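**Q** Just need the structure, nothing else, for what follows:
(chains A and B, ligands or ions: 1)
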Amino acid sequence: MKHIISILIENEAGALSRVAGLFSARGYNIESLTVAATEDATMSRMTIVTSGSDEVIEQIIKQLNKLIDVIKVLDLNDGKYIERELMLVKVKATAAFRDEMKRMCDIFRGRIIDVADGSFTIELTGSGTKLDAFIESLDKTAILETVRTGASGIGRGDRILKL
Amino acid sequence: MDSQAKKTADTKAPITGAEIVIRCLNEEKVKFVFGYPGGAVLHIYDEIYKQNGFKHILVRHEQAAVHAADAYSRATGLVGVALVTSGPGATNAVTGIATAYMDSIPIVVISGQVPVPAIGMDAFQEVDMVGVTRPCVKHNFLVKDVKDIAATIKKAFYIAATGRPGPVVVDIPKDITAHLADYFYPKSVEMRSYNPVLKGHSGQIKKAIKLLLEAKRPMIYTGGGLVLGDGAPELVKLARTLGYPVTNTLMGLGGYPASDPQFVGMLGMHGSYEANMAMQNCDVLIAVGARFDDRVIGDPKDFLSKKRTIIHIDVDPSSISKRVKVDVPIVGHVQSVLSEMNEALYLETKGAAESTKNNIGNNISAWWKQIDEWRGVKSMVYQNSTTVIKPQYVIEKLWEVTKGDAYVTSDVGQHQMWAAQYYKFDKPRRWINSGGLGTMGVGLPYAMGCQFADKDAQVACVTGEGSIQMNIQELSTCAQYGLPIKVIMLNNRYLGMVRQWQEFFYENRYSESYMDSLPDFVKLAESYGHVGMKITNPADVEGALKEAFAKKDKFVFMDFITDQDENVFPMIAAGKGLSEMVLKKDNKERHED
Ligand SMILES: Cc1ncc(C[n+]2csc(CCOP(=O)(O)OP(=O)(O)O)c2C)c(N)n1
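**A** Numbering: from 1, shown residues only, chains lettered A, B, ... in the order given. Next comes the predicted model:
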């Protein structure tokens, strides 16, 4: 099953490679990993999307906690949470396609952030599944380039991951 | 760095990074530093020349420095320290670091690094030590500011020794050791990201006691964690109060006295029949500082085919329910948890204890009867000979001659298993071997570490002619420091353990497992000023051992020419389960019933 894991980690050189190294050394898979400093610059917040059986996820959480630089770990799937990812898609937008593209973009509440001669660049945020659905709904030959940030996640309401 | 806020210097004037390193080691009361000099650590070596707070032991290869520091720690419980230069010095140390990591041994390895401005330039003798060691350390640091040295070393010792122990590498660029800073050694360490659990959950402990008292077929299974956590006395108390059978893993030998009647022997791949059968058939199992690894329970599916309730005490939560799901996990320091268990048990059963003196556990005489039947199979026997020396016989005699009280280090192979099977360890921290990584070449440097730890003790290095040659250069170190180690080499002219697997699983195709062109070990030993002995006749084994151990201040190298074809039994093939033991050469697997 897919899990979204949030990690608070010391913002030190090498901290990211310790986490990435752990996943590769123990054969856990990473669907996406995002990281940036928090409002407190000494700490980073990381979101990892991974999948595995309950036992594997339990081990992942324990092994992450074992890393000396890791301050806190939370499996967002243990409760209610929100997941958001940003995607930029460059699509063909030649005369015949332009209206159709604009319409698809509106349906998914995307924004066209760059218009060029034969192409649009569309910005879209949402859950990973929503972004997948957008890609699915496009004609494959129309897609010139995509880039995704990977998911960020946060607990709902008073589920707070803080020091 | 959080721990160095608000400081007043401990020295009047600023001092160099190199001097700070030395002061920190003195502050940690380090007695021995095992090391080897080189360009990147020359400033540090210059300060070593000027100090006498610790003794520097000059090894002949950096791998041996780390192994010796590791063994020093295994023997004493203190943090071992090694010092190596950058590049090749650092990479030579890696096998030692990985060996310590796999067995959770607390050591601090200080490595030199090229100067900060040269990092990343493919400078002479540059290697990314922090990157290379990341998967085999508990933690590592690259110090990029002289002001961080003291706090980093303090943290390194703290991290190495607490929680589940392990090696910590501190990589220090050369220019940092020349820079000046005020010296201040933090008194304590506070880390928001690292707070190992000490006390076990008392609710879980109560549950465990209840289960233990109701068990019909209980079993106590302890590993290296019990030895390293210094929990052996508490475990002995618990086991004796309950009157239940105890088994130790290869790493856990000595955790419970082998000569005690409640001890059913080592378990696992080459463990005793009774230990493996009791492990397989018990109804309540308590695991203490052990991790159900592949060499212990083999195939987890076979293990789980029998139902039992498992209690697991471990300081590392990630060891719990890793290979086998457990019912009552107790995270905590084994010593603290066991002593709380003993207390709770005492309160729970005060009345009963007084009436029956000992043995307040459930009446388990039927279970003991079953265990005695398994013991009757006599899985730990060998056919002795009057013409050729049997390796097992040498170990039995070694045990007798040293009165079971030596530090026994071993290398890796058949000799290691025979030492584990036939030397009865009654004390923890006496059996020193590489259980997790299985590193050939540890034996001699391990013996050095033990001899430095306890200079008057009897130290025996049980080895093979394959393994000893992996760190044979240390004969020179032993000569320099006058270490009276006794090397017990079981010379079968084969990479015996490899040959055994080839005999069993590759139809006797002995591919590259023959040891040709061996040196004359007697002359080799003598060339270093040691005593060399070659023993070929079984009748001479005991006398030779007595003679060697009587030479209290001499290093003696004993070359025992042993039976080439001897195999280690009993055996569970890799990937098989505890119920699939092979007891003798021509026997098929012995199944449970
Ligand atoms: C560094 C290293 N290389 C290879 C091995 C694989 N290996 C395990 S046991 C063994 C044979 C050891 O031979 P020897 O030291 O003569 O001991 P014996 O088995 O004959 O008692 C080998 C090659 C290892 N454990 N470590």
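
**Q** Please make it C-alpha for all contacts and neighbour counts, starting now.
**A** Fine.

**Q** so what's the residue in the stretch 251-400 of chain B that chain A sits nearest to closest to, chain neighbours aside?
**A** For the stretch 251-400 of chain B, the nearest residue to chain A under the criterion CA to the nearest CA is B:S318, separated by 5.1 Å. The shortest distance from B:S318 to any non-neighbouring residue, by CA to CA, 6 or more residues apart in numbering or on different chains, is to A:K62 (5.1 Å).

**Q** other SSEs contacting the host helix or strand of the one you found?
**A** If you go by DSSP states H and E, A:K62 is part of helix A:54-66. Using 3 or more CA pairs under 8 Å, 6 or more residues apart in numbering or on different chains; DSSP states H and E as the contact definition, the elements that helix A:54-66 packs against are helix A:15-25, strand A:70-75.

**Q** of those, which approaches the ligand most closely?
**A** Each of the helices and strands packed on helix A:54-66 was checked against the ligand via CA to the nearest ligand atom, and the shortest separation belongs to helix A:15-25, namely 20.7 Å.

**Q** which helices and strands does the closest one pack with?
**A** Contacting helix A:15-25 under the criterion 3+ CA pairs under 8 Å, 6+ apart are the following elements: helix A:54-66.

**Q** Let's see that with 7 Å instead.
**A** The elements that helix A:15-25 packs onto, with contact taken as 3 or more CA pairs under 7 Å, 6 or more residues apart in numbering or on different chains; DSSP states H and E, do not include any helix or strand.

**Q** Hmm, the residue nearest to B:S318 is touching B:I320, no?
**A** No - between A:K62 and B:I320 no contact is recorded; they are 9.4 Å apart, counting by CA atoms under 7 Å.

**Q** between these two, which one's more packed in?
**A** Comparing A:K62 with B:I320 by neighbour count (other CA atoms under 10 Å in any protein chain shown), the higher total belongs to B:I320, at 27 against 18.

**Q** Now do the contacts for the residue of chain B found nearest chain A.
**A** Scanning chain B for proximity to chain A using CA to the nearest CA identifies B:S193 as nearest, at 4.1 Å. Applying CA atoms under 7 Å, 6 or more residues apart in numbering or on different chains to B:S193 gives the contacts A:68-71.

**Q** hmm, which helix or strand of the chain has the shakiest average pLDDT?
**A** Picked chain A for this. The weakest-scoring helix or strand in chain A, judged by mean pLDDT, DSSP states H and E, is helix A:95-107 (a mean of 90).

**Q** Sheet partners, orientation included, of whichever helix or strand comes after that helix?
**A** Sequence order places strand A:111-115 as the next helix or strand after helix A:95-107, per DSSP H and E. When pairing is defined by DSSP bridges, strand A:111-115 lines up against strand A:119-126 (antiparallel).

**Q** Toward the C-terminus from the partner strand, list the very next helix or strand.
**A** Along the chain past strand A:119-126, the next helix or strand (assigned with DSSP H and E) turns out to be helix A:128-137.

**Q** now whichever strand in chain A runs longest, how far from the chain's geometric center?
**A** Here the longest strand in chain A is taken by residue count, with DSSP state E as the criterion, and it is strand A:81-92. Taking CA atoms, centre = their mean, to the nearest Å, the mean C-alpha location of strand A:81-92 is offset from the chain mean by 9 Å.

**Q** what angle sits between that strand and strand A:119-126?
**A** Strand A:81-92 and strand A:119-126 are oriented at 170 degrees to each other (axes from the mean of the first three to the mean of the last three CA atoms, to 10 degrees).

**Q** Could you give me the buried positions within strand A:81-92?
**A** A:83-92 (16 or more other CA atoms under 10 Å in any protein chain shown).

**Q** do the same with stretch B:189-196
**A** When burial is assessed from 16+ other CA under 10 Å, stretch B:189-196 yields the following buried residues: B:189, B:193-194, B:196.
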